[in-house]
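[1] Below is the sequence, then the predicted model.
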Amino acid sequence: MNLMQLKYVVEVAQTHSISKAAENLYMNQPNLSRAIKELEESLGVVLFNRSPKGITLTREGEEFLVYARRILNQMEEVESLFKHGEQAKQRFSISVPRATYAGEAFVRFAQKIDRTRPTEIFYKETNTVRAIRNIMESGYNLGLIRYQSAHEQQFHMMLEEKGLTGEAIFTFRYMALMSKNDPLAQKKDLRYADLNDYVEIAHADPYVPAMPMAQVRKAEYVDSIDKRIYVFERTSQYELLRRVPNTVMWVSPVPQSILDEYGLVQLNCVDEKREYKDVLVYKKGYVFSRLDELFVKELWQTCGEYIQAEQQE
């Protein structure tokens, strides 16, 4: 087995096609097919299912792909580290839920990065399934995933199956976010029933392992609200809440500076009993870099500030 064979597997897995992979690798199709076949024979496993509909990974192939990508990423890091005449590039990558506190931690982290060195930073806001996929398939080192505590067992099983480990960062209940000019903005004991005629601004991609999407949506969204606008990023959600009357969004704690900037308030709802966890995940055996440790420190700091502010209210 050699590095070129690893690259072949990665390319075929990405394209689901021997011919397309061969084209991307600037080689002919028979040679690529033969190289893949020789690799499978040397390993004693079948990496790909071949059918008229295309090429897909077998279970063994999926496991092999994780290691292949990891090795190729490490090779790139070694080349970058020791490339003649260049300073080692500092790298950091994480996928996170659309959480304002995580964004605040990232800003503080970015302020402390050594600007005299070449730098490559990836910060991606996405849902849990894509955060995990980014670690398994796209070379990301860290992920921050969110789930209801009621679904913790399913997520623990999934992480174990994928060779990942998790560390709880933040436990909270969702708060109702709305305009400070909303009629309910000063209400002390907000109830679900108060929001029956409201439009909920909601992220459109919830996920729970081994659970049908219809059941996931039922667990995530309040039954009493039947009007929703689904969004995929955070900027437009604040504008919608600020400018569209009778809109609400369920959020993890938002810093006061953001509330002030957009003219918003966040309210506790006495009916909101669902507990959520944000969990830092990474591959088992992964050793944190200096930048990883710096970001996690800022993440813990912002979480601590929000918890302290909530206790003082």
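    Cool, got the structure.

[2] List the contacts of stretch 53-62.
    9, 12, 13, 16, 17, 18, 45, 46, 47, 48, 49, 65 (C-beta atoms under 8 Å, 6 or more residues apart in numbering). Placement of C-beta: from N, CA and C, glycine included.

[3] can we see that at 6 Å?
    With C-beta atoms under 6 Å, 6 or more residues apart in numbering as the test, stretch 53-62 has contacts from 13, 16, 45, 46, 47, 48, 49.

[4] Identify the residues contacting the most centrally placed residue in the chain.
    Centroid-nearest residue in the chain, with C-alpha atoms, centre = their mean: residue 131, separated by 2.8 Å. Contacts for residue 131 were tallied using C-beta under 6 Å, 6+ apart; they are 95, 143, 145.

[5] immediately after the lowest-mean-pLDDT helix or strand in the chain, which helix or strand?
    The weakest-scoring helix or strand in the chain, judged by mean pLDDT, DSSP states H and E, is helix 213-220 (a mean of 58). Going down the chain from helix 213-220, the next helix or strand is strand 228-231, by DSSP states H and E.

[6] Tell me the buried residues in that following strand?
    228, 231 (16 or more other C-beta atoms under 10 Å).

[7] Packing partners of that strand?
    In terms of contacts (3 or more C-beta pairs under 6 Å, 6 or more residues apart in numbering; DSSP states H and E), strand 228-231 is packed against strand 199-203.

[8] Direction included, what does the strand it packs on pair up with?
    The strands beside strand 199-203 in its sheet (DSSP bridges) come out as strand 228-231 (parallel), strand 247-251 (parallel).

[9] So for the shortest one, mean pLDDT?
    To tie it back to what came earlier, the one meant is strand 228-231. In this model, strand 228-231 has a mean pLDDT of 82.

[10] just how off-centre is that strand within its chain?
    Centroid separation for strand 228-231 versus its chain: 19 Å, with C-alpha atoms, centre = their mean, to the nearest Å.

[11] Following element in sequence after it, please.
    Using DSSP H and E, the next helix or strand after strand 228-231 towards the C-terminus is helix 234-243.

[12] Likewise for the last one?
    On the C-terminal side of strand 247-251, the nearest following helix or strand under DSSP H and E is helix 256-262.

[13] Quick check: buried residues in that next one?
    Buried residues in helix 256-262, defined by neighbour count with 16+ other C-beta under 10 Å: 258, 259, 262.

[14] returning to that earlier point: check the residue nearest to the centre of the chain and give its pLDDT.
    Residue 131 carries a pLDDT value of 92.

[15] Work out for me the element it sits within.
    Using DSSP H and E, residue 131 sits within helix 128-137.

[16] can you give me the helices in this protein?
    Under the criterion DSSP state H, the chain contains helices at 3-15, 18-24, 29-43, 59-82, 100-111, 128-137, 152-161, 213-220, 234-243, 256-262, 290-312.

[17] on that earlier part again, out of the strands paired with strand 199-203, flag the one nearest residue 301.
    strand 247-251 (19.7 Å; C-beta to C-beta).

[18] So what pairs up with the residue lying closest to residue 241 once chain neighbours are set aside in the strands?
    Leaving aside its sequence neighbours, residue 241 sits nearest to residue 247 (C-beta to C-beta, 6 or more residues apart in numbering; 5.3 Å). Here residue 247 sits in beta bridges with residue 199, going by DSSP bridges.
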